[in-house]
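K.L.:
Test case, fold it:
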Amino acid sequence: MSEKFTIARLTRENEHFEVLVKPQKALDYRNGKIAGITEVLAAEIIFADANKGTKVSEEAMKKAFKTCDPLKIADEILKKGTLQLTTDQRRKMVDDKKRQIVDFISRQAVDPKTNLPHPPARIENAMEQIRYPIDPYKPVEEQAKDIVKLLRPILPLKIEQVTVAVKIPTQHAARAYGTIKTLGTIKREEWRGDGSWYGEIELPAGLYASLINKLGDATKGSGEAKIIS
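P.N.:
Predicted coordinates for the structure are as follows:
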């Protein structure tokens, strides 16, 4: 298969269903950047084997998808199946995922000697040494967990949980609450009579600085946060 077109495939009811697609448009469609599936397909045909040009029978389509409409079937294949990537696409996705992992580790883990986060560049350099194969589809958190274990012999890392008491004044409570609650697990909260909010949030120590910054932005500096355990 040339880089001009690639294949998206899905297995259902023990049958293989494939569509021939334009690589970048297929990736954009899967990521919700474009809505028109006709822009994506090289042909409005459902194949059993696109390389051989073998089409799927109507019976197999009806059994697996309850329809013979190639556009509806192609939509499911693209959204739920496997998209064959070009070399450039895969390289870009791996690079993007790597940056996300480095950022995640930098925010979540600290140097046990200083209790401060490692700079992203230091983490990235250490990752070069362990040569971990980044999977563009695997969740960031899952890969970061494995990478931290491999990094520890060459880069001291500690993922420590802290509990932070947060106070948000009345005039900023609704807006700031929505921001703060995404950073950790709320262990206790209280909406007070004056409309202000108090909560105790458990989060990785590496995210404490981020919480302080976001709380400050959301409350114009009037919010309060303090590590209590």
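
K.L.:
can you tell me which residues contact the closest residue in space to R90 that isn't next to it in sequence?
P.N.:
In space, and not counting its chain neighbours, R90 is closest to P136: 6.5 Å by CB to CB, 6 or more residues apart in numbering. For the C-beta atoms, the positions are set from N, CA and C on the backbone; glycine is no exception. Applying CB atoms under 8 Å, 6 or more residues apart in numbering, we find P136 in contact with L85, R90, M93, V94, D96, K97.

K.L.:
what's the answer for R188, then?
P.N.:
Counted by CB under 8 Å, 6+ apart, R188 has contacts G199, E200.

K.L.:
quick one on the thing from earlier: what about burial for the contacts of P136, which qualify?
P.N.:
With burial judged by 16 or more other CB atoms under 10 Å, the buried subset of those is L85, M93, K97.

K.L.:
What is the subsequent helix or strand relative to the helix or strand that contains the second one?
P.N.:
Here M93 sits within helix 87-108, counting by DSSP states H and E. Under the assignment DSSP H and E, the closest C-terminal helix or strand after helix 87-108 is helix 120-130.

K.L.:
Who are the packing partners of that following helix?
P.N.:
Contact partners of helix 120-130 among helices and strands, from 3 or more CB pairs under 8 Å, 6 or more residues apart in numbering; DSSP states H and E: helix 87-108, helix 140-151.

K.L.:
Can you lay out those as JSON lines showing distance to T114?
P.N.:
Below are these laid out as JSON lines (distance: least, CB to CB, whole Å):
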{"stretch": "helix 87-108", "distance to T114": "14"}
{"stretch": "helix 140-151", "distance to T114": "16"}
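
K.L.:
could I get those as JSON lines with mean pLDDT and distance to I73?
P.N.:
Shown next, in JSON lines, are the helices and strands packed on helix 120-130 (pLDDT from 0 to 100; distance: least, CB to CB, whole Å):
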{"stretch": "helix 87-108", "mean pLDDT": "91", "distance to I73": "23"}
{"stretch": "helix 140-151", "mean pLDDT": "88", "distance to I73": "31"}
